[in-house]
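Enquirer: Below are the sequence and a predicted model for it; my questions follow.
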Amino acid sequence: MNCPRLLLKRDVIVLSVSFILLCLDSLNIERKQAVRKYSPPPRNPSILAAVTTESFVGQHLKYLDKILDNFAEVCEHGYVVHVVLISYEDLRPKLLEGISSRFGTCKRHPAALSHSVKFYSRRKLPKNAFGTAGDLAIRHREYFLQQRVNFDYFLVQEDDVSYSCKNIEYFVDALKITEASSYSMYPTFFDYEIFGGEKFASYRLRSGYIFTVNDILLFASGHDAAGRGYMLTSMDLRHFANETSWIDPNDVQGEFNPTVASGMTLQKSKRLVIPVRTWKSSGIHHMPNKYINMEKEADDTQFASLHFDVLDFIFASCSDGDLPTPRRISVVGSCLACTEHSGVTYMKTEFTGPLQYADSMIIVSYACRKRTEITFPGGHN
């Protein structure tokens, strides 16, 4: 708008107050429109997702495409997302060549999705650790601490697993359940693979504890945590910021990668649980489907995976006493009778016969225990 020119009469400025107010109002409207036009994205929840990778060819590029698509979808659902790829410095040229055209966009708001690459020097594993040639899996922690005040959620994952938008939303919703309880609990994930078009959950779900908190059924695995990654809040990350050992690989003992880059990271201070009603949403697909194929070929029952249908029956039987038992399953004890009386059900499964889905028989056993008698893996009891 063109503001009225000042009028001079007898060296005295004569102005119309109404014109000045009109001019200022117009300028203010234009300023607000300009700010609105160039304003940053609204304050949506934010997530920093780290993907640790050393391979950028063949099938791994397809996995990377799926991972990047997943986080683009997370952005479309209202999150501000930054994806960082973490690799070794000497792999820089190969990585940059492999990913140069693979970063996508967020149609909802292009500025809400961003990507970067971080490179680190190679370091050998400490003497008490094993399982891989170097300590790349722990380097995400350095970057997380640098960014701890810039994001609401932090996630790290291997480069061949699929953390979907459904998984992220599961974590956020389950966090509300655990935070409302009086226990030091935390949501966790499990990994699954696909064989013959059917989903099979990791052996870590073959045994564990089923109990209620605030009338909500929860499951805690009897094994170490899995998920081939983990997710935590900025508040929990700040807790680790006070522990210098958190980024020091020399303090790691045992199998290195799962110890520093899976749910085991949280297991020392949290009781990791999965809300039964949304258990499927906590499943992370291990895209190579490597172990389920090996398992079937070897007919190995010790670490055999469980078909999703079996877990559906197991969890449903803890709230429905009239549920018919599938033909392939034999049940010992009662989960419902235990949970109805505020007990903790210890569930375990055993295979009899061959592992092929159509032929395998499974014995599901429920044993009721008092809550005070239970020692859960990790966390406070």
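Expert: Great, that's in hand.
Enquirer: Kindly provide the distance from the residue nearest the centre of the chain to Leu272.
Expert: In the chain, the centroid-proximal residue (C-alpha atoms, centre = their mean) is Met231; its distance is 4.4 Å. Distance, Met231 to Leu272, using C-beta to C-beta, to the nearest Å: 11 Å. Where C-beta positions appear, they are placed from N, C-alpha and C, glycine not excepted.
Enquirer: who touches both of those two?
Expert: Pro187 (C-beta atoms under 8 Å, 6 or more residues apart in numbering).
Enquirer: Now for His239, how many residues are close by?
Expert: 12 (other C-beta atoms under 10 Å).
Enquirer: helix or strand for it, which one?
Expert: helix 234-241 (DSSP states H and E).
Enquirer: by contact count, what packs against that helix?
Expert: Contacts defined by 3 or more C-beta pairs under 8 Å, 6 or more residues apart in numbering; DSSP states H and E place helix 234-241 against helix 140-146, strand 153-158.
Enquirer: hey, which of the ones you listed is tucked in deepest?
Expert: strand 153-158 (a mean of 25; mean count of other C-beta atoms under 10 Å).
Enquirer: Do me a favour and average the pLDDT over that strand.
Expert: Averaged over strand 153-158, pLDDT sits at 98.
Enquirer: related to what we said a few turns ago, distance to Ser101 for the helices and strands packed on helix 234-241 - can I get that in CSV?
Expert: Formatted as CSV, those follow (distance: least, C-beta to C-beta, whole Å):
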stretch, distance to Ser101
helix 140-146, 24
strand 153-158, 22
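Enquirer: Which of the ones you listed sits closest to Ser342?
Expert: Minimum separation from Ser342 across the helices and strands packed on helix 234-241 (C-beta to C-beta) falls at strand 153-158, 32.8 Å.
Enquirer: would Lys296 count as being in a strand?
Expert: No. Applying DSSP: H, G, I helix; E, B strand; the rest coil, one finds Lys296 to be helix, outside a strand.
Enquirer: Relative to Gly131, how far out is it?
Expert: 24 Å.
Enquirer: Same drill for those two, tell me which one is more crowded.
Expert: For Lys296 versus Gly131, the count of surrounding residues by other C-beta under 10 Å is larger for Lys296: 18 against 12.
Enquirer: distance of the more buried one from Val310?
Expert: 16 Å.
Enquirer: May I have the helix or strand encompassing Ala367 as CSV, with CA atoms only?
Expert: Per DSSP H and E: Ala367 is located in strand 361-369. Backbone C-alpha positions of strand 361-369 (Å, rounded to 0.1, in the frame of the first residue of the first chain) are rendered in CSV as follows:
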residue,chain,number,x,y,z
MET,A,361,2.8,-79.0,17.3
ILE,A,362,3.3,-76.5,20.1
ILE,A,363,2.8,-76.8,23.8
VAL,A,364,1.9,-73.6,25.5
SER,A,365,2.4,-73.6,29.3
TYR,A,366,1.1,-71.0,31.8
ALA,A,367,2.4,-70.8,35.3
CYS,A,368,1.0,-68.3,37.8
ARG,A,369,3.3,-66.4,40.1
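Enquirer: so what does it touch, helix or strand wise?
Expert: By 3+ C-beta pairs under 8 Å, 6+ apart, strand 361-369 packs against helix 308-316, strand 329-332, helix 335-339, strand 344-352.
Enquirer: Average pLDDT for that strand, rounded please.
Expert: 94.
Enquirer: Can you give the strand pairings for the helix or strand hosting Leu272, parallel or anti for each?
Expert: Element membership for Leu272, per DSSP H and E: strand 271-275. Strand pairing for strand 271-275, determined by DSSP bridges: strand 185-187 (parallel), strand 216-221 (antiparallel).
Enquirer: Neighbouring strands - and their directions - for whatever helix or strand comes next after the shortest one?
Expert: To tie it back to what came earlier, the one meant is strand 185-187. Next helix or strand after strand 185-187 toward the C-terminus (DSSP H and E): strand 190-195. According to DSSP bridges, strand 190-195 forms sheet pairs with strand 198-201 (antiparallel), strand 283-286 (parallel).
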